[in-house]
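[1] Show me the folded form of this:
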Amino acid sequence: MSVDITTFKARSRPVSVEDLDLSAFRDRPLDPDTLRCLRYMHDVEFHTVCYLRDVLATPAHRDPDVTTFLTLWNVEELYHGDALGAVLAAHAQVAGVERVRRTRRRLRRGDRFVPVGHALASSVIGASYVAVHMTWGAINEWTAQAAYGRLAQRAGHPVLTTLLGRLMRQEGRHAWFYAQQARDRLAEDGRARWLTRTTLRRWWAPVGSTLLPPSEVTFMAHHLFGGAEGRALLERIDRRVDRLPGLAGVRPAATAMARFGL
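    All right, here's what the predicted structure looks like:
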């Protein structure tokens, strides 16, 4: 694999909010739509560990580069949730453990069988299955990065912009690892290319779609990816997917968002 995990590991660190003036939100609070987006993002970031659960049920757990990355990725995403929680708390909104506990209580009963499904599918398919997760992860990270950037632009709050910029940089590093892994695995495995292409066409959806109510997913889709600027972001994500071996023309981002009326 072409990914230098040692360099990634050396650069990994929790995002910090200690130097940010969160009291600025008292004098200039965020608007309700921005806070609604932040609640969504908070919940998704804290749910990363459950995605990790699913990936480790596949042959991915045998690759030391992948498991090192996933460990660091999970920690960084945890601190993303904490950082977003600090902004919510500054607006007297529930965040952190209390909100996470509520969110997980709402999970569908079928969620408990998701890792079983991944384990069974990957036991039949083999290592090719990992390419699906790596590609899926890259698209999720590209989408998250785009969403943070768009929210910063729409909210126009300097403190939030600084924080979201920090999250975007880390999401960019996460996307880089996933994309490199996906590129290498897809390039050398025709079965992986077919499986990934089929999976993205049928099932890729915005991160959080299986976690949060459809009304929240629809709101996020329209608020952050609606209009000409939002469509441009989706097209940029799809162009990145086009550059992965065997995935030209799949257009997962635009296709998935079309289901929400975009």
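[2] Identify the residues contacting the lowest-mean-pLDDT helix or strand in the chain?
    Ranking every helix and strand in the chain by mean pLDDT, DSSP states H and E puts helix 114-125 at the bottom, with a mean of 86. Outside of helix 114-125, the residues within contact range by Cβ atoms under 8 Å, 6 or more residues apart in numbering are 53, 54, 55, 57, 58, 59, 129, 130, 191, 195. Backbone N, C-alpha and C define where each C-beta goes, glycine included.
[3] can you rerun that using 10 Å?
    50-51, 53-60, 107-108, 110, 113, 128-133, 191-192, 195, 210 (Cβ atoms under 10 Å, 6 or more residues apart in numbering).
[4] Check the offset of it from the chain's centre.
    21 Å (Cα atoms, centre = their mean, to the nearest Å).
[5] pull the CA atoms of that helix into PDB?
    C-alpha atoms of helix 114-125 as PDB (Å, rounded to 0.1, in the frame of the first residue of the first chain):
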ATOM      1  CA  VAL A 114     -25.300  -4.800  11.300                       C
ATOM      2  CA  PRO A 115     -21.900  -6.000  12.300                       C
ATOM      3  CA  VAL A 116     -23.100  -9.600  11.900                       C
ATOM      4  CA  GLY A 117     -24.200  -8.800   8.300                       C
ATOM      5  CA  HIS A 118     -20.800  -7.300   7.600                       C
ATOM      6  CA  ALA A 119     -19.000 -10.200   9.100                       C
ATOM      7  CA  LEU A 120     -21.000 -12.800   7.100                       C
ATOM      8  CA  ALA A 121     -20.700 -10.900   3.800                       C
ATOM      9  CA  SER A 122     -17.000 -10.400   4.200                       C
ATOM     10  CA  SER A 123     -16.500 -14.100   5.100                       C
ATOM     11  CA  VAL A 124     -18.000 -15.000   1.800                       C
ATOM     12  CA  ILE A 125     -16.500 -12.300  -0.300                       C
END
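[6] where does the stretch 151-262 of the chain dip in pLDDT?
    Filtered on pLDDT under 70, the stretch 151-262 of the chain yields no residues whatsoever.
[7] Can you select the buried ones among the contacts of helix 114-125 for me in ChimeraX?
    Those of those that count as buried under 16 or more other Cβ atoms under 10 Å are selected in ChimeraX with:
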select :51,54,55,56,57,58,59,60,128,129,130,131,132,133,192,195
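[8] Strands - which of the contacts of helix 114-125 land there?
    Nothing among the contacts of helix 114-125 maps onto strands, per DSSP state E.
[9] Narrow the contacts of helix 114-125 to those in helices?
    Judged by DSSP state H, those include 50-51, 53-55, 128-133, 191-192, 195 as members of helices.
[10] buried ones in the biggest helix by length in the chain?
    Using DSSP H, we find that the single longest helix of the chain is helix 158-187. Buried residues in helix 158-187, counting neighbours by 16+ other Cβ under 10 Å, are found at 159-160, 163-164, 166-168, 170-171, 173-175, 177-186.
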